[in-house]
Structure formats: C-alpha cells, structure tokens
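Enquirer: Pasting the sequence and the predicted coordinates here, then a few questions.
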Amino acid sequence: MIQCKLRKNMNAPPLRPPLTPGGYRETLRVAVPMMISTGSFTLMQFVDRIFLTRYSAEAIQAALPAGILAFTLVCVFSALAGYGSTFVAQYYGAGDRRGCGRATAQALLLTLLAWPVMLALMPVGAWLLGVSGHAPAVLREELVFYRILMLGSLAVPLSAAISGFYTGRGDTLTNMAAVVFGNLLNILLDWLLIFGHGGCPRMGIAGAGWATVISSFATPALLLAVYFLAPRFRGPYDTWRTLRPDFALLRRLIRYGLPSAGNLLLDVGSFTVFVLLTGRMGPQALAASNIALSINNVAFMPLVGIGIAATTLVGQYQGRGDSATAARAGWTALKIGWLYMAVIAASFLLFPHGYFLLFTGRGDGGLQLGEVLPVGHWLLVMMAVWGLGDAANVILAGALKGAGDTRFVLLWSLLVAWCIWLGGEALIVLVFRGGILAAWLWMAVYVFILAAGFFVRYRSGRWKTIDLLGRTPAA
C-alpha cells in the first residue's frame, strides 16, 4: 500500500511547472526585485527633492540640475564598472563560476582607478553650473549640492561594480534587500540633516547631499562587497584569489563596456543639457519641468530594472549559445515593460494632482500647487504619450548590451540625442524663444525616433553573432 502511494506520488506532475526559458515567469523572477531596487541613487535624490520642497523654492530648483550634472560626470565610470554584470551573466550561462569572480574583480579595479579622475572633474561641473544662467540664489544651492555629491562619487561606480556580480547571476533579491535598506537610511538622514531634527544641525540642501553620500556608501556598496568575499562565494567563485588584475579580461571589459558607458554619458548628458536650457525659461517653468522630470525618473525606474533583467537573461542565454531563447527573453521583457507603462500612463492622466502634491510644500518659501500644476499637468500628459517608446528604449537597449552590441547602441544614441533632439531644443529655446511645452513636445519626438532604431536593430538579429567572451569555435 505504501509503495503504491509512493509510486503514485513519484509519477504525479510537479506542483509548480518548470520555468519556460525566456518566458514571463523567468523574466519576472529576475525583473521584479530589480524593479524595486534599481536606480537607488535616483530614488535617493527623489526623496531629497520631496524634503527640499518643504525647505525652500531655491532648493528644489537647484536639486535636479546639480544632481543630474554630478551623475553625468560619474556615469561613464559607473556604466563601465557595471558592464561587468554582462560578463558575469555570460560566464554564468557558460558554467564558468570562476569567470564570474574574475569579471567582478576587474570591475572593482576600474572603480578604484576612476575615483581620482572623478574628483578631478569637479571644477568642470562647477563651471557648467556657473554659465547656465540660473538665478544667483539657485546657483549657490546648486554648487553646494553638486560638490558634496562629487566628493562621494566613488559610491556610484562601486555599487554598480559589486551589484553586477549578483544581477549577472540572476540573484536580484540580494541587490533588492541592500538597496531598500540604503533608501530607508537615506530617508532618515534627510529628515535629520535637512531640517535639523534629533539634535543635528539644520543643513538644508547640504544635508540632502550628505544623506545621499552616506547612504550610498553604506548600502549597497560596502554591504554587498563584504558579502561577495564571504565563505558562500569564496569556494565556487574563488572570490578571494580572483581579486587581482587580469589584463586580458580587463581589456575585453573596456572594449565592450566603454561604448555602453559612452551611451549612458550621452543619454544622461543630453538630459543635463536639456535641464540647463530650460533653466532660462523662468522660475515657475523651471520648477514645473524639474518636478515632472523627477516624477519621470522615479516612475520609469522599474523600466531600468526590466532592462537589467533583459541584459541578464540575454547575456546568460548567449553565454550558453542559445540565441533563439535570448531573443525570446528580450521580447518578453519588452511586453512586461509595455504593460507596466500602460498602468503608469493612466495614473499620469487620472491623478496629476497627487503627483504634484508631493512637491508642493506647506512651509515658508515652499512651492504652491497652483504655481506648477497648470504647466505640470500637460508635462505629465506628454510623459504618458511617450511612455511606450521610453520602455522600448530602456529594455531593448539593455537586451542589445547583454549580447555585446554596445557599439550600435552608442552610435544610434549619439545621432538621435545630440544631433536631432538637442539640435532642435537649441532652436526652440535659444532662437525661437519657445516655451516649456514646445521643448517637451520635441523631446517626445526624440523618444519615438530612438525607440524605432532599437526595435529594428533587435529584430534584425545581427547581435546574435557577437562573441563577447572571446571563445574559440572549438570551445
């Protein structure tokens, strides 16, 4: 009787069906934790801005230009170190665990070499803020916030490098836990340092800067680095002994990672130029645009997480030599991104008051809802319209990077962002003296042109022939 029951149970179907390679369940398993955790630096600055609206109007006008400029100057090093995750993914897919440790070690080495260069760039950013034409009171706040972020700039590429070890292997839950802890710490430090609670000095925008730097260093950078060297990974991934230069692998990381880093620089840099240009349109237009962009950054952060999932899965299946499943994973990630953006776009259209209430303070000198909502409402409408295109940009570019097709991503972004988009914005703002709505409408056109190029490239399948790991046909 017992043997019959055992035999019956052994022949019974499993309670949970296996994951379909490149399917929805597998993609969501990687993407959901990254949707929560990705872009911790952006989320920290978003929280900073919410607190700063209760502090002063100058502080909220200064936070976005200074914050995005600081990130622009360090994003090349962050993206270069973070591209180690693609090597980790392909080594993991190929079954080379030690290769995962070697790739992470080279990303960490690049981070340490980059920090002096980032500090040397501080005067460049200060000069750019000085010539941007912003009001003197806003400029003073910008310089304070910018200089603090640059002093702690090591945290950004360090987090990207060490996080790549976990995301490349598909272990996105570990990253999520570290980032959530870091953001909770940032909220507490914002409350203490901006307003001077708990016996702390009232530091204003300087307090927001130090809260971001301290939180970024504490987690995920140092926490994940310590875990990387723990006994759990020391054996199978040889994390201690691979923590040294490997010049052949380092050259390949730079070769494929540098175009990816250049793409991020072009992307973030183009938005920096756009923000600086809109600073010439008056305080209310600038405040409405900066608030809308802040909403955009946080609302679209989950797309970055889905894009990282696409990079990870495409990289893993390419590492196994299974290009068909890699292609399926990219398209699946795009469908998930489109579904998410449909929900977000609906919220933009139905609840614009709720978004802008987050940024309208009740304290002295704070912004009032009526000052920014008339323009901000239309900016949210445009964000809802271009959402599907933005999803395609983030996710398909991530999939192409996972396959190593970083050169196309760089060149297409260069052409569309800097020649078409910013060329048109310069004419609108400087020549025709157009308003903020005209500037944003042209940005929507740019989003769809960029998305069309990534869609055609991914569908062509040319990325399937790229050999990222430098393996011979026999291997």
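Expert: Structure received. Numbering: from 1, shown residues only.
Enquirer: tally of neighbours for the residue lying closest to Leu349 once chain neighbours are set aside?
Expert: In space, and not counting its chain neighbours, Leu349 is closest to Ala384: 5.4 Å by CB to CB, 6 or more residues apart in numbering. Using the backbone N, CA and C atoms, a C-beta is placed for each residue, glycine as well. Applying other CB atoms under 10 Å, we find 19 residues neighbouring Ala384.
Enquirer: show me where pLDDT drops low in the stretch 151-300 of the chain?
Expert: 279-280, 282 (pLDDT under 70).
Enquirer: ditto for the stretch 301-450 of the chain
Expert: Confidence mapping of the stretch 301-450 of the chain against pLDDT under 70 gives the ranges 360-367.
Enquirer: just the helices in it please.
Expert: Assigned by DSSP state H, counting those that start in this stretch, the stretch 301-450 of the chain shows helices spanning 301-319, 323-350, 352-357, 369-403, 406-413, 422-426, 436-460.
Enquirer: among these, which is the most enclosed?
Expert: Highest mean neighbour count among the helices of the stretch 301-450 of the chain (mean count of other CB atoms under 10 Å): helix 301-319, with a mean of 28.
Enquirer: Just the CA coordinates for that one, please, in CSV.
Expert: C-alpha atoms of helix 301-319 as CSV (Å, rounded to 0.1, in the frame of the first residue of the first chain):
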residue,chain,number,x,y,z
MET,A,301,12.9,53.4,-12.6
PRO,A,302,11.2,50.0,-12.8
LEU,A,303,11.8,50.1,-16.6
VAL,A,304,15.5,50.2,-15.8
GLY,A,305,15.0,47.1,-13.6
ILE,A,306,13.3,45.3,-16.5
GLY,A,307,16.1,46.4,-18.8
ILE,A,308,18.7,44.9,-16.4
ALA,A,309,16.6,41.7,-16.5
ALA,A,310,16.8,41.7,-20.3
THR,A,311,20.5,42.3,-20.1
THR,A,312,21.0,39.4,-17.7
LEU,A,313,18.8,36.9,-19.5
VAL,A,314,20.1,37.7,-23.0
GLY,A,315,23.6,37.5,-21.6
GLN,A,316,23.1,34.2,-19.9
TYR,A,317,21.5,32.5,-22.9
GLN,A,318,24.1,34.0,-25.3
GLY,A,319,26.7,32.5,-22.9
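Enquirer: In terms of secondary structure, what does it contact?
Expert: Applying 3 or more CB pairs under 8 Å, 6 or more residues apart in numbering; DSSP states H and E, one finds that helix 301-319 contacts helix 24-37, helix 84-93, helix 155-168, helix 172-195, helix 323-350, helix 369-403.
Enquirer: Specify the angle between that helix and helix 24-37 in degrees.
Expert: 130 degrees (axes from the mean of the first three to the mean of the last three CA atoms, to 10 degrees).
Enquirer: and helix 301-319 with helix 155-168, angle?
Expert: Between helix 301-319 and helix 155-168, the angle comes out at 50 degrees (the same axes, to 10 degrees).
Enquirer: rewinding a little: hmm, the residue nearest to Leu349 is touching Phe351, no?
Expert: No - contact criterion CB atoms under 8 Å: Ala384 and Phe351 do not qualify, at 11.3 Å.
Enquirer: what's the burial count for Ile428?
Expert: Residues lying near Ile428 (other CB under 10 Å) number 20.
Enquirer: Kindly provide the distance from it to Phe274.
Expert: 11 Å (CB to CB, to the nearest Å).
Enquirer: shared neighbours of the two, anything?
Expert: Ala439 (CB atoms under 8 Å, 6 or more residues apart in numbering).
Enquirer: so how far is Glu425 from the closest residue to Glu371 other than its chain neighbours?
Expert: Ranked by CB to CB, 6+ apart and with sequence neighbours excluded, the top spatial neighbour of Glu371 is Gln284, at 5.5 Å. Using CB to CB, Gln284 is found at 19 Å from Glu425.
Enquirer: Ok, Gly93 next?
Expert: Here Gly93 is placed at a distance of 41 Å from Glu425 (CB to CB).
Enquirer: wait, isn't Asn393 in contact with Ile449?
Expert: No - using CB under 8 Å, Asn393 is not in contact with Ile449; the gap is 10.1 Å.
Enquirer: tell me how far stretch 457-469 is from the chain's mean position?
Expert: Mean-position distance between stretch 457-469 and its chain equals 23 Å (CA atoms, centre = their mean, to the nearest Å).
Enquirer: Please renumber the chain so that the first residue is 833 from this point on.
Expert: Fine by me, first position is 833 from now on; the one you just mentioned is stretch 1289-1301.
Enquirer: And the contacts of that stretch?
Expert: 918-919, 922-923, 926, 931, 1084, 1088, 1147, 1150-1151, 1155, 1158-1159, 1162, 1228, 1231-1232, 1235-1237, 1240, 1244.
Enquirer: rerun that using 7 Å as the cut-off
Expert: The contact list for stretch 1289-1301 (CB atoms under 7 Å, 6 or more residues apart in numbering) reads 922-923, 926, 1088, 1155, 1159, 1162, 1228, 1231-1232, 1235-1237, 1240.
Enquirer: and what of stretch 1137-1154?
Expert: Contacts of stretch 1137-1154 (CB under 7 Å, 6+ apart): 854, 859, 862-863, 866-867, 870, 917-918, 921-926, 999-1000, 1002, 1157-1158, 1161-1162, 1165, 1168-1169, 1226-1227, 1229-1231, 1233-1235.
Enquirer: Helices of the stretch 983-1132 of the chain, start to end?
Expert: Going by DSSP H, counting those that start in this stretch, the stretch 983-1132 of the chain shows helices at 987-1000, 1004-1027, 1037-1048, 1055-1060, 1063-1066, 1079-1110, 1115-1131.
Enquirer: Which strands and helices lie in contact with the longest one?
Expert: Meaning helix 1079-1110. helix 889-914, helix 929-952, helix 1115-1131, helix 1238-1245, helix 1254-1258, helix 1268-1292 (3 or more CB pairs under 7 Å, 6 or more residues apart in numbering; DSSP states H and E).
Enquirer: ok, back up a step: and the residue nearest to Glu1203, how many neighbours?
Expert: 17.
Enquirer: Quick check: it touching Leu1205?
Expert: No - contact criterion CB atoms under 7 Å: Gln1116 and Leu1205 do not qualify, at 10.6 Å.
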